[in-house]
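>>> give me a model of this one.
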Amino acid sequence: MPQLDRTFSVAPMMDWTTRDYRAFARTLTRRALLYTEMVTTGAILHGSPRERFLGFDEVEHPLALQLGGSDPGELAECAAIAEAWGYDEVNLNVGCPSDRVQNNLIGACLMGHPEKVAAGVRAMRDAVSIPVTVKCRIGIDDQDEDADLERFIATVADAGCEVFIVHARKAWLQGLSPKENRDIPPLNYPRVHRLKATHPELHIGINGGVKTLDACRAQLEQVDSVMVGREAYQNPWLLADVDQALYGEPGPAVSRHAAARAFRPYIARRLEEGAKLNHITRHLLGLFQGQPGGRRFRRHLSENGHLEGACLRVFDDALSLVAEREPADAA
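Just a heads-up that it's a prediction; the model follows:
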C-alpha cells in the first residue's frame, strides 16, 4: 500500500468538511490530505442510510475518515467498514471538547484515558490494513502538558499508533464552550516540537492557529506535517498554492473563476441526486474573499441558493457578479 503523504492536510470540522466541501477542495489542491467531519461509531453502525455518513466522491482521495468513539469492538467494526468503503486512513478523534461527545466518552475527554485509546487503536489496527492515526490535544484541564502528554503518546504508541496530529492547545472541558476551546487556551507550539524531538520514530503533525503557507513551512522545520482548519475553509483560495508551495507541483486551479467552473459539473450531478444548491455552494462563500465583487457573490448565493428549485443558473449568476481577472492577477 502506497504511503500517505501527510505534509499538509485539512482538519476535520463538524458541518464544514462535508463531502461537498471536500470535492470543492479538490479543484484547488490535488495533494492535500482531506478529512471527513467526525462520524461517531453509533452513526455508522446504527444510522441509515450509511451513504449519508460515509458517502464520498472518488475525486476526494487521499481521504481519511475521522471516527468518534471509545469502544474497541465498535471502533474496529467501523474501521473495517471504512476500509471497505475505500477510505485511505482512519483517524480517532481525541480532541473534540463538546459536551455531547464527553458524555459518550468521545473526543478530548479520552486524553484522560490513554489505556482506553490504546485499546481502541489496537483493535482497529487488528481489523484493517489502512493506517490508524490519532488526533489529540496537548492535554485537558489541569493535566500536566509535559508528563501527561508524554504518558498519553507513549501508551498509545505502544499499541501501534505511529501517527499523531496534535492540536497545540489544551482543551478545558470545565468552564469553556467548544467554540471558546478553539481560541482561548493558548497555543503551545514548542510543546509539540519537543514531542517530535523526543519521539523521532513517530510521525508528529501540528494543528491549531496556522493561517499561511509560510507558517506551514516554518512548522515543517520542526514537525512532520501541518493540519490547517478554519483558514482552509473560510479562505479556501489558500489551498490553491499548497501543491506548488509544499510539494513542488502545479496545482489544478489557475484562478478562482477556473476553480468555480471546474466545480460546476459536480454541482450539477449532486443536484440531480437531490441535493439542495445552498447545501453545496455554502462551502464556496469564501472563495472570493477580499476580491472586488466577492460580497455580491456571497449575497447572491445566500439569498437565492436556498429557494425552491434553485439550480445552476443561480450559481452562474453569482459568478458573473465577480469580474474575472487574469491568472497572474488572481492571487
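
>>> am I right that residue 38 is in a strand?
Yes. Under DSSP: H, G, I helix; E, B strand; the rest coil, residue 38 sits within a strand.

>>> that one pairs with what?
Assessed by DSSP bridges, residue 38 has beta-bridge partners residue 66.

>>> in contact with it, which residues are there?
12, 14, 66-68, 93, 96, 101, 107 (C-beta atoms under 8 Å, 6 or more residues apart in numbering). C-beta here means a position set from N, CA and C on the backbone, and glycine is covered the same way.

>>> out of these, which one has the weakest pLDDT?
Scanning those for pLDDT, the smallest score is found at residue 101, 61.

>>> separation between residue 9 and residue 191?
20 Å (C-beta to C-beta, to the nearest Å).

>>> who wins on neighbours among the contacts of residue 38?
With neighbours taken as other C-beta atoms under 10 Å, the top of these is residue 107, carrying 30 neighbours.

>>> helix, strand or coil: sort out the nearest residue to that residue once chain neighbours are set aside for me.
Among residues not flanking residue 107 along the chain, residue 96 sits closest, at 3.4 Å (C-beta to C-beta, 6 or more residues apart in numbering). Following three-state DSSP, the label given to residue 96 is coil.

>>> contact partners for residue 96?
With contacts defined as C-beta under 8 Å, 6+ apart, residue 96 is in contact with 14, 38, 68, 106-108, 178.

>>> quick one, phi/psi of it?
phi -70, psi 130 (degrees, to the nearest 10).

>>> after the lowest-mean-pLDDT helix or strand in the chain, heading C-terminal, what element do we hit next?
Here the helix or strand of the chain ranked lowest by mean pLDDT, DSSP states H and E is helix 99-103, holding a mean of 62. Once helix 99-103 ends, the next helix or strand along the chain (criterion: DSSP states H and E) is helix 114-127.

>>> restrict that following helix to CA atoms and write it as CSV.
The C-alpha trace of helix 114-127 is given here as CSV (Å, rounded to 0.1, in the frame of the first residue of the first chain):
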residue,chain,number,x,y,z
PRO,A,114,-4.8,6.7,27.4
GLU,A,115,-5.3,3.0,28.0
LYS,A,116,-8.8,3.1,26.5
VAL,A,117,-7.4,4.9,23.5
ALA,A,118,-4.6,2.3,23.2
ALA,A,119,-7.2,-0.5,23.3
GLY,A,120,-9.2,1.2,20.6
VAL,A,121,-6.2,1.7,18.4
ARG,A,122,-5.0,-1.9,18.8
ALA,A,123,-8.5,-3.2,17.9
MET,A,124,-8.6,-1.0,14.8
ARG,A,125,-5.1,-1.9,13.7
ASP,A,126,-6.0,-5.6,14.0
ALA,A,127,-9.1,-5.1,11.8
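
>>> what's the mean pLDDT across that helix?
pLDDT averaged over helix 114-127 gives 98.

>>> which elements pack onto that helix?
Contacts defined by 3 or more C-beta pairs under 8 Å, 6 or more residues apart in numbering; DSSP states H and E place helix 114-127 against helix 72-85, strand 89-94, strand 132-140, helix 147-158.

>>> relative to helix 72-85, how tilted is that helix?
Here helix 114-127 points in a direction 40 degrees away from that of helix 72-85 (axes from the mean of the first three to the mean of the last three C-alpha atoms, to 10 degrees).

>>> in helix 114-127, which residues are buried?
Along helix 114-127, these residues count as buried under the neighbour rule (16 or more other C-beta atoms under 10 Å): 114, 116-125, 127.
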